[in-house]
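1. Got a predicted structure plus its sequence, pasted below:
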Amino acid sequence: MIVCVAVVGHQNNPVYIQSFTEADDALKLHHIVHCSLDVVDERVNNPKKSGPTLNETFLGLLYPTENYKVRFHSAYVDAVSNPFHVPGKKITSRTFAERVSNIVKSFGLSSAG
Amino acid sequence: MSETANDVDGNGESVAPSVYVGQFAQLLEQGGTLAMQLLTDEEYVHYALAEGKRFQDSFEIIALLKRSFETFTKLNAQRMASYCGFEMAREYFAVNEFSNAKQHFDSIASLYRKEGWVTLLWEVLGYLQECSRRLGAVKDFVEYSLEMAALPVSSIGSVQSLSFKECGPAVPASLSQREIIHKEVFELVRGESGLTSNEGNNDLKVTGDQPLHLEIDLVSPLRVVLLASVAFHEQIVKPGAPTLITLSLLSQLPCAVEIDQLEIQFNQSVCNFTIVNGQRPQLDATSNGQPGHRVETAPALMLSTNKWLRLTYDIKSDQSGKLECISVIARLGPYFTICCRAESPASMNDLPLWKFEDRVETLPTKDPSLAFSGQKATQIEELEPQVDLKLGASGPALVGESFVLPVTISAKGHAVHSGELKINLVDTRGGGLLSPREVEPSFTDNPYVELLCVSGLECEDDSQIGTDDIRKIQHSFGLISVPFLNDGDSWSCKLEIRWHRPKPVLLYVSLGYSPHSSELSAQKIHVHKSLEIEGKNAVVFSHQCMLPFRRDPLLLSKIKMGQDSDQVLSLPLNETSILIVSAKNSTELPLQLLAIFIEVDDNDIGKSCTVRHGGEDHSDLALLMPGEEFKKVFSVIPEVNIPKLKMGTVCLRWRRDTGPKGQPSSSATASEVLTKYRLPDINVELSPLVVNLECPPQAILGNPFTYFLRIQNQTHLLQEIKFSLADSQSFVLSGPHNDTIFVLPKSEQILGYKLVPLASGSQQLPRVTVTSVRYSAGYQPPVSATTIFVFPSKPHFEMANMGMSRESIATE
């Protein structure tokens, strides 16, 4: 299940971060997301020579169904297409937050089922 | 991470060191058998941490975390390393080692600040706040608290307000929490409350004996707490003229802050002034006791969240130069001051952390152009100079002479104190100012243009030319001190500059002085003058070699090479050749020629000759007008047969013509210049054959005269010579017309002709052609050599004794 969704900006700043756990360890999730940027950095700075992984944008564990990636990405694109959104700054759109939580919920249901 | 740690946890007891050193394995029960499964590094680390936690040995944990930290740092995983550092700091905190904890938390906080992770930063600042409190570091406590209060944390937005299970001493981040911290810290700094520390039960308070001062520089994270933007309304101001300055303050603290007093500090400290809050009671201890100090009163100094507080005042300065606002010191309460570096609106950095937020951004000044281009510094102009600086120009400079240029300083309105005259010679082709530091080494050895000296004349008081005058003269730079001048006085000096090559030069002369004697270090006023001076070659030399009259030595090289004038000049050995040197005045000024002679090189054996002066009479000195050419004839007799013979150097002594002789002696006569012209090396050849024509200069009609043709053979070989003579209608000729003769070695053959002139006047003698068979060379005398004047009858002259007629040929 998805426990946390985060969008990180160019300067490694959190643009959007939302956790989906009942437990009270949300702060720990923030730490985890922050630390995971090291992995991203490593992948970005040392791209593997093999073709398929060159443009790999998802760096975590793989799951059988991958269409949630597309759904997350389209939600993000819609959020930043908002003419009032300043690139690099935090995403404050409630619509985006709702869509993200819907994706997470539907994903949680599908993986549980 | 935590899940896998739990896995190993449960089987912790079954982990055992294996046979191999450094490798741990886990004993697993599979079915009935026991098997050793090797642990991966990750599993081992988690096992070790769990073990450490189980035994509650903080120092073990810290040591493990330190190793992890080092490993991650080597792997370049900075954030993971920082997280290990964070955990280490928490362990230190748990065992009350607050200074170690603080050190680690500080470095982690800077990473979170840089990357904008506000919730994480809030957590760490909470720990830092608590560490400072326990250590009794009031200043640090206040700084961390202010930073927390000004963090962009709000209860709405993308970051959920989370209730943390374990977030350290800080309560969950929210706007209300920021406000609480804000209130608490301001109670502390106003001395209204104390800080309970670890050491003893004493409350640490901010008091008059222990006031608190914070410094916020351009990179401080506390810029969000107080930001000072300063803009001068004008970039250039006249001295003493007032201009406006706008000070704008901004804070992201959640509650409004009342400022008691603001002190604005400039690089010119006389301009410092204080703004007091009209609504706060006057604080006697804080007001600056200096009587001359300017104090303004503002009706209110209330700083609201994210709203610029703009204050505009007029300002002026009498001192020229840069006037820059350095800092703004805000006094909040009797014991607390914050010193903020002034920032220019045009070059203000973003607010840290808030730059990632969607906050309302406004301009520091109402005028948008001032907000975009305003600077915290302005330039105060110099006072207008009231002293005249004149450069007397006297035409172009000539290479080699000491060119004199008078410089006059007249005080017309200001007195001249501590005057300094700077002289610079600069290449007009943009070679840059040739100051003593910037001169290339080659230039110093061989300057094209050189400042020789500066001579002072017409001083009002001779005793003032003292030893404390600055006199520094280098090739292209001069610095001399100017004596004191009253208003209305004047002083002059002369610059002597010598050109070594023809080159245009820009002369810059600047005078720096103070109009008042009292302000010794204060403003200097400068007057500049520049002049472009052309350096020209005075004289252009050329030379020409000619054969003597009616004598032609055969030069084999001339035949072989043809008529290439580029070839080295060849002259016959032991024969006289005529050298004509001409000097052309290539300037627009008349030149006085004093002497011309040829200097022979020391180891030269074939000497040329000197020239005698045109008599003792000075009126005969040649005055060469512009464009005129002066010619001097020398004769050259090479006496040694070597391929490259140095002829020597032509030396011309001259000087610029200073005009009619009625000049007063005080105006300096122009200096004499010696210009040299190196004559090219010559090739000396022994001429095998020499042909001479001998003929009287004039004849009388009807009277016969003899015309000789003499052929000298200077070789050891027998020479066959063919000659032919063409008849001339003006003469009756008796003698051989065509023949071939043989001339014996080292001897000569003379052909004689008897001629009777038949016509009078200037006549052409019969043309003779002489051909050497051996060398295939022919010779025909030129027309000028074969001209003779025939008198119609014997002339009768009254011959007065004219003495030696002036011949310009002299031989030695």
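-> Cool, the structure landed. Residues are numbered from 1 along each chain as shown, chains lettered A, B, ... in the order given.
2. For whichever residue of chain B sits closest to chain A, give me its contacts.
-> Closest contact between chain B and chain A, by CB to the nearest CB, is at residue B:116 (3.3 Å). Where you see a C-beta, it was placed from the backbone N, CA and C, and this is true even at glycine. With contact set as CB atoms under 8 Å, 6 or more residues apart in numbering or on different chains, residue B:116 has these partners: A:9, A:11, A:12, A:13, A:14, B:353, B:356.
3. Could you report the pLDDT at it?
-> For residue B:116, the pLDDT comes out at 88.
4. Over to the one 4 residues further on?
-> For residue B:120, the model assigns a pLDDT of 89.
5. go on, residue B:184?
-> Residue B:184 is given a pLDDT of 91.
6. Please enumerate residues in contact with the helix or strand containing it?
-> If you go by DSSP states H and E, residue B:184 is part of helix B:175-189. Here helix B:175-189 makes contact (CB under 8 Å, 6+ apart) with B:138, B:141-142, B:145-146, B:148-151, B:153-155, B:170-171, B:193-195, B:205-206, B:212, B:253-255, B:257, B:332-333, B:335-336.
7. could you redo the last one with a cut-off of 6 Å?
-> B:142, B:145-146, B:148-149, B:154-155, B:171, B:193, B:206, B:212, B:253-255, B:333, B:336 (CB atoms under 6 Å, 6 or more residues apart in numbering or on different chains).
8. do stretch B:368-376 as well
-> By CB under 6 Å, 6+ apart, the surrounding residues in contact with stretch B:368-376 are B:230, B:231, B:325, B:342, B:344, B:345, B:346, B:363, B:364, B:365.
9. Repeat that for stretch B:297-310.
-> Under CB under 6 Å, 6+ apart, the answer for stretch B:297-310 is B:248-251, B:254, B:256-259, B:275-279, B:364.
10. closest to residue B:731 among the residues you listed?
-> For the contacts of stretch B:297-310, the minimum distance to residue B:731 (CB to CB) is 112.3 Å, reached by residue B:364.
11. Where does the prediction get shaky in the stretch 301-450 of chain B?
-> B:394, B:430-447 (pLDDT under 70).
12. What residues does it have near chain A?
-> B:356, B:357, B:358 (CB under 6 Å from any CB of the partner chain).
13. so the second one sits right up against residue B:151, yeah?
-> Read it as residue B:357. No - using CB atoms under 6 Å, residue B:357 makes no contact with residue B:151, being 10.1 Å away.
14. Compare those two (neighbour count), which wins?
-> Counting neighbours by other CB atoms under 10 Å in any protein chain shown for residue B:357 and for residue B:151 shows that residue B:151 has the greater number, 24 against 20.
15. With adjacent residues omitted, what lies nearest to residue B:755?
-> residue B:731 (4.6 Å; CB to CB, 6 or more residues apart in numbering or on different chains).
16. Hmm, the one you found is touching residue B:759, no?
-> No - counting by CB under 6 Å, residue B:731 stays clear of residue B:759, with 8.4 Å between them.
17. how distant is the helix holding residue B:184 from the center of its chain?
-> Centre-to-centre, helix B:175-189 and its host chain are 56 Å apart (CA atoms, centre = their mean, to the nearest Å).
18. CA atoms of it as CSV?
-> Below are the C-alpha coordinates for helix B:175-189, written out as CSV (Å, rounded to 0.1, in the frame of the first residue of the first chain):
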residue,chain,number,x,y,z
LEU,B,175,0.6,28.6,13.2
SER,B,176,-0.7,28.8,16.7
GLN,B,177,2.4,27.1,18.0
ARG,B,178,4.5,29.7,16.2
GLU,B,179,2.6,32.4,17.9
ILE,B,180,3.2,30.8,21.3
ILE,B,181,6.9,30.7,20.7
HIS,B,182,6.9,34.3,19.5
LYS,B,183,5.2,35.5,22.6
GLU,B,184,7.5,33.4,24.9
VAL,B,185,10.7,34.7,23.3
PHE,B,186,9.6,38.3,23.4
GLU,B,187,8.7,38.0,27.0
LEU,B,188,12.3,36.7,27.6
VAL,B,189,14.1,39.4,25.6
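19. For chain B, give me its nearest residue in chain A.
-> For chain A, the residue closest to chain B is residue A:13, as judged by CB to the nearest CB, at 3.3 Å.
20. Hmm, that residue is touching residue B:356, no?
-> Yes - shown here, residue A:13 and residue B:356 form a contact pair, counting by CB under 6 Å, at 4.9 Å.
21. Settle it for me: which of those two has more neighbours?
-> More crowded of residue A:13 and residue B:356, by other CB under 10 Å: residue B:356, with 23 against 18.
22. so what's that one up against?
-> A:13, A:89, A:90, B:116.
23. would you say the second one is within a helix?
-> No - secondary structure of residue A:89, determined by DSSP: H, G, I helix; E, B strand; the rest coil: coil, with no helix assignment.
24. so it touches residue B:358, yeah?
-> Yes - assessed by CB under 6 Å, residue A:89 is found in contact with residue B:358 at 5.2 Å.
25. can you list the residues of chain A near chain B?
-> Contact residues, chain A versus chain B (CB under 6 Å from any CB): A:12-14, A:16, A:24, A:26-27, A:30-31, A:34-35, A:37-38, A:89-92.
26. any chance you could map the helices in chain A?
-> A:26-45, A:67-80, A:94-112 (DSSP state H).
27. Nearest to residue B:554, out of those helices?
-> Minimum separation from residue B:554 across the helices of chain A (CB to CB) falls at helix A:26-45, 88.6 Å.
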